[in-house]
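> everything below, folded, please.
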Amino acid sequence: MDEDSEAQVKFLPSDNKPIIKRAVQSCSPLGVKEAITFSWKDLCVSTPPGKARRCCGLLPSKQPVLPPKQILQNVSGVARPGQLLAIMGASGSGKSTLLNTLTFRNLAGLQVSGSRICNKQLVTPDSLTSLSAYVQQDDLFIGTLTVREHLTFQALVRMDRDIVPDERIKRIEQVVNEMGLSGAVDTIIGVQGRIKGISGGESKRLALASELLTNPSLLFCDEPTSGLDSFMATSVVEGLKKLAREGRTVVCTIHQPSSHIFSMFDSILLMAEGKTAWLGSPDDAYNFFSTCGHPCPDRYNPADHFIQVLAVVPGMEESCRENIGIICQSYQQSSQGQEVSGFIQQINTKLEPQTRIRSPYKASWWTQFKALTWRSWLSVIKEPMILKARVAQNIMMGLILGAVYFGQEMDQAGVMNINGALFLFIIHMTFTNMFGVVNVFCQELPIFLRDHFNGMYRTDTYFLAKQLAELPLFLLTPLLFVVIMYFMVGLNAQADKFFICCGIVELVVQVVVSFGYFISCIASGVQMALGIAPAILIPLVLFGGFFLNNATVPAWLGWIKWLSWFKYSNSALLINQWSGVEKISCPSTPSNHSSHDIPPPCITTGEQVIRQYSFQDDTLWFNIVMLAVLAVTLRILAFIALLAKTYRKKN
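Down below sits the predicted model:
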C-alpha cells in the first residue's frame, strides 16, 4: 500500500489493521473497490440571530435580538475504512446535527462552517452523493411493492448504466442473501396500519439493502435501531458490522444501545453540548472516563454510563456543563485526541484539487423514465384505495345520481333538473379526483425528495412518469360515471353530443388532476393541502355560472371567472346539451288562472336555456380549448413548484 493507506491503517485497532488490505484485494462480490477515510475538521453549526417573540405582553414592545445558538463547536473527527463508528450522546448533544452536517442534509436556516474530506479531497453535496449511501431513520417505501420489485427498481436507477440486466439480477440476489431477506423477497412491503407487510427489522434491512446495490464505500445511517426490539436491533447492527468488515466506512447515530450492541462498535464518538467528548475505541473510553473521575461501575451498560455522565441534568445545569467542559478539554489533551488531531492536520496539508464531478444520476433519462413508469403503474394497480375504491365510487355515484335524475322530460322542470345534473358532473369529477390526487401525491413526496437527493432520478422523469402511469385510471373512472348517468338521466341522445360530453368531462378531470398536483407541490403536507384546496375551490365554483349569473358579477371580481374550469365546463356542457333543441314543452294555463297574475316565464328552445345563463352558443370550442389550456398550465406550474422544492432543499 502507499504512504497514505499505511497512515490510515496505523490508527486502526490492532485486530482491524488487516481489514483494509483484505477488503481492497477481496474477490467477494460485495467487497468494496476503494477504501475511504472520511474526516471532518472544525465543523461549526449555529442558528442565525433572531428576535424574541412577544407573548401575552410579557416582552417589551422593543424586542431584543437573540444571539446565535451554537449547536456544534469546532467538531473534528475521522471515520476509517473497516470500522463501524457510532455517534452517541444525550438528547440535545448535537449527534443528529453532526450527521446532518456530514451528509449536507436538513441544514436549512443554519449557519455552517468547516470542511469534510474523503481521503485527500474536499467533498461537496454532489460528490458525496456519488460515492456514499445514506439510510435515514424513517423507512420510506412504496408499500404496495414487494421486496423484489423495490430492489429491482433500485437496481434500474442506481447501478451504473453499463451493467447488463443479468448482472443486476445477480446483484439483487447477492444483496438479498447478505441482508437475510431471502424469506421475504416476494412479500409486500406494507403500509403501517393499512396493509400488512414485512416486519420492522426486515424493513430496516431492506433500507440497507437498497443502499448496498451500488456497493458504496461510505455508508451513513441515522438511528438504524429506532423502533426495534432488542433482538431486531442487534440483528441490524450485526449487519452494519458485517458491512464494515468488508472494508466499508460505516457511520451511524444511535440512541441508548444495549451493552451487547455497544460491544460491536469499533469506534465511538461521544457528543456533549455540541462538542467532542471522546473519539476512539470503546475499550479506551473506559480508561479515559476513569482518569476523568467517572469510572464505569461493574455490570453496568457502559453506553448508559457515558451518556449519563455527559447529560445536562435539569436543576444542575451549571455543574453539569462545567463537568462536560472538563471532559472535552481532557479529551483534546489526551493522546487519543492528539493522534486524531494530528491525523486530520496531516490530511489537510495534502489536499488535492477537486476532480470534476459527473452527473449524480447513474441511469440515463430514458431508463429512469421507464423504471419510474413501471413503479408508478405497479403502485396504481396494486393500491386498493386507488384502483378499486375509485372504480366502485364512480359506479355507485353514477347509479345513485342517475336514479335521482332518472328519465327527465323536455319540459320546464326537466330543464332545471338536467342543468343540475350537468353541474353535478363537474362537482363530482372535481372533488373525487382532486382529493384523491392530494392524498396520494403528498404521501409520495417524501420518497421522491429522498430518492432525488440520493441521485436516483430527475424531477422531470418522475413527474412525467407519474402522469403517464395514472392516465389510464383518470380516463377510465370518469367514463364509467358519464356512461351510467348520461343515459339514466336521458340527456341529448345524439351520438356526437354524447361523445363531446365525454370529452368535456375527461378534460375537466385532467384540469382537476393538474390542480391537485399543483396544490400538493406547494403544500408542505397532506393536512396543509386539504386546507388550501377548498379555500380556492369555493370561489371557482361560485363563478361557474350555476349559482351566480356571470352577467351580474362586479367588474373588480370578474377576473376570477377566467380561472374557473367550472365556468368553461358548465358552459360547454350546457351548450352541447341544448344547442339545436327546438322544442321544450310549456305547462298549459290552468282554468282558474287569474288575468291579474303574471304567468311564469316559459323556455321553449335550447337557445333560450343557454342565454338564461349568459352563455353564447358559439363558444363551445373556445371553452374546450380553455379547459385544455388550464390543464397544461396547471401541470407546468405544478412541475415548477416541485422543482422549487428540490432547489430549496439543495440550498
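
> next SSE after the longest helix seen in the chain?
Using DSSP state H to define each element, the chain has its longest helix at helix 412-453. Sequence-wise, the next helix or strand downstream of helix 412-453 (DSSP states H and E) is helix 459-489.

> which parts of that following helix are buried?
By neighbour count on 16 or more other Cβ atoms under 10 Å, the buried set for helix 459-489 is 459, 461-467, 469-470, 473-474, 477-478, 480-482, 484-486, 488-489. For glycine as for every other residue, the C-beta is placed from the backbone atoms N, C-alpha and C.

> okay, the angle between the helix or strand that comes right after that helix and helix 412-453?
Next along the chain after helix 459-489, taking DSSP H and E as the criterion, comes helix 495-522. For helix 495-522 against helix 412-453, the angle by axes from the mean of the first three to the mean of the last three Cα atoms, to 10 degrees is 40 degrees.

> which strands or helices does helix 495-522 pack on?
helix 412-453, helix 459-489, helix 526-542, helix 565-578, helix 620-650 (3 or more Cβ pairs under 8 Å, 6 or more residues apart in numbering; DSSP states H and E).

> just give me the residue closest to the centre of this structure.
residue 446 (0.9 Å; Cα atoms, centre = their mean).

> from residue 307, how far out is it?
30 Å (Cβ to Cβ, to the nearest Å).

> which secondary element of the protein has the worst mean pLDDT?
helix 19-25 (a mean of 38; mean pLDDT, DSSP states H and E).

> hmm, who's touching whatever helix or strand comes next after that one?
Where DSSP H and E defines the elements, the next helix or strand beyond helix 19-25 is strand 38-46. Applying Cβ atoms under 8 Å, 6 or more residues apart in numbering, the external contacts of strand 38-46 come out as 68-79, 94, 97-98, 101-102, 107, 110-118, 218, 249, 251, 274, 343-344, 347-348.

> would you list the phi and psi of residue 242?
Phi and psi for residue 242, reported as degrees, to the nearest 10, are phi -70, psi -40.

> roughly how far apart are the closest residue to it other than its chain neighbours and residue 140?
Excluding the flanking residues, the one nearest residue 242 by Cβ to Cβ, 6 or more residues apart in numbering is residue 178, at 7.7 Å. Taking Cβ to Cβ as the measure, residue 178 falls 22 Å from residue 140.

> that older thread, my read is that the residue nearest to residue 242 contacts residue 212, right?
Yes. With contact defined as Cβ atoms under 8 Å, residue 178 reaches residue 212; the gap is 6.9 Å.

> which of those two has more residues huddled nearby?
residue 212 (24 against 20; other Cβ atoms under 10 Å).

> name the element residue 271 belongs to?
Element membership for residue 271 (DSSP H and E) is strand 267-272.

> mind giving me the packing neighbours of that strand?
Against strand 267-272 (3+ Cβ pairs under 8 Å, 6+ apart) you get strand 70-79, strand 84-89, helix 95-102, strand 275-280, helix 282-291, helix 317-333.

> recalculate using a threshold of 10 Å.
strand 70-79, strand 84-89, helix 95-102, strand 249-253, strand 275-280, helix 282-291, helix 302-309, helix 317-333 (3 or more Cβ pairs under 10 Å, 6 or more residues apart in numbering; DSSP states H and E).

> tell me which of the ones you listed lies nearest to residue 263.
helix 282-291 (7.1 Å; Cβ to Cβ).

> quick one, that closest one and helix 302-309 angle?
Using the same axes, to 10 degrees: helix 282-291 against helix 302-309 is 40 degrees.

> list the buried ones in helix 282-291?
In helix 282-291, counting by 16+ other Cβ under 10 Å, buried: 282, 284-285, 288-289.

> need the contact partners of that helix.
Outside helix 282-291, the residues within contact range by Cβ atoms under 10 Å, 6 or more residues apart in numbering are 13, 86, 262-268, 270, 277-280, 294-296, 302-303, 305-306, 309-310, 327, 330-331, 334-337.

> any of those buried? List them.
Among the contacts of helix 282-291, the ones that count as buried by 16+ other Cβ under 10 Å are 13, 86, 262, 264-268, 270, 277-280, 296, 302-303, 305-306, 309-310, 327, 330-331, 334, 336-337.

> returning to that earlier point: filter the contacts of strand 38-46 down to the buried ones, PyMOL style.
To isolate the buried ones among these in PyMOL, judged by 16+ other Cβ under 10 Å, type:
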select buried, resi 70+71+72+73+75+76+77+78+79+94+97+98+101+102+107+110+114+115+116+117+118+218+249+251+274+343+344+347
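
> surely residue 140 and residue 192 touch.
No. Here residue 140 lies out of contact with residue 192, judged by Cβ atoms under 10 Å, at a distance of 11.5 Å.

> who has more neighbours, those two?
Neighbour totals were compared for residue 140 and residue 192, and residue 140 leads with 15 against 11 (other Cβ under 10 Å).

> what pLDDT does that one get?
For residue 140, the model assigns a pLDDT of 84.

> tell me the confidence at residue 468?
94.

> flag the shaky bits of this protein, pLDDT-wise.
Low-confidence segments of the chain (pLDDT under 70): 1-33, 50-66, 352-359, 384-385, 544-553, 555, 558, 588-600, 648-651.

> and it, what are its domains?
Domain segmentation of the chain under automatic domain parsing yields 3-138+218-349, 365-586+598-650.

> could you redo the ones you listed as a markdown table and give each row distance to residue 174?
Below are the domains of the chain laid out as a markdown table (distance: least, Cβ to Cβ, whole Å):
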| stretch | distance to residue 174 |
| --- | --- |
| domain 3-138+218-349 | 5 |
| domain 365-586+598-650 | 20 |
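
> to residue 145, which of those lies closest?
domain 365-586+598-650 (6.0 Å).

> pull the number of nearby residues for the residue nearest to residue 271 when sequence neighbours are not counted.
Excluding the flanking residues, the one nearest residue 271 by Cβ to Cβ, 6+ apart is residue 89, at 3.6 Å. Residue 89 has 26 neighbours, counted by other Cβ under 10 Å.

> confirm for me that residue 89 is in contact with residue 310.
Yes. Taking Cβ under 10 Å as the definition, residue 89 is a contact partner of residue 310 at 6.4 Å.

> check contacts around the residue nearest to residue 604 when sequence neighbours are not counted.
Closest residue to residue 604 apart from its sequence neighbours, by Cβ to Cβ, 6+ apart: residue 584 at 5.3 Å. The contact partners of residue 584, by Cβ under 10 Å, 6+ apart, come to 409-412, 414-415, 578, 602-606, 608-609.

> among the residues you listed, which one has the most neighbours?
residue 578 leads those on contacts (other Cβ under 10 Å) with 27 neighbours.

> could you measure from the closest residue in space to that one that isn't next to it in sequence over to residue 414?
Distances taken as Cβ to Cβ, 6+ apart put residue 606 closest to residue 578, at 3.1 Å, once the chain neighbours are dropped. Distance of residue 606 to residue 414, given as Cβ to Cβ: 12 Å.

> what of residue 125?
65 Å.

> the residue nearest to residue 578 reaches residue 615, doesn't it?
No. Distance between residue 606 and residue 615: 11.3 Å, which falls outside the contact criterion (Cβ under 10 Å).

> need the overlap of contacts for the two.
The contact sets of residue 606 and residue 615 overlap at 574-575, 578 (Cβ under 10 Å, 6+ apart).

> tell me the one among those residues nearest to residue 224.
residue 574 (60.5 Å).

> shouldn't that closest one be in contact with residue 613?
Yes. Between residue 574 and residue 613 there is a contact at 6.4 Å, judged by Cβ under 10 Å.

> of these two, which one has the most company?
In this comparison of residue 574 against residue 613, neighbours counted by other Cβ under 10 Å, the higher total goes to residue 574 at 25 against 18.
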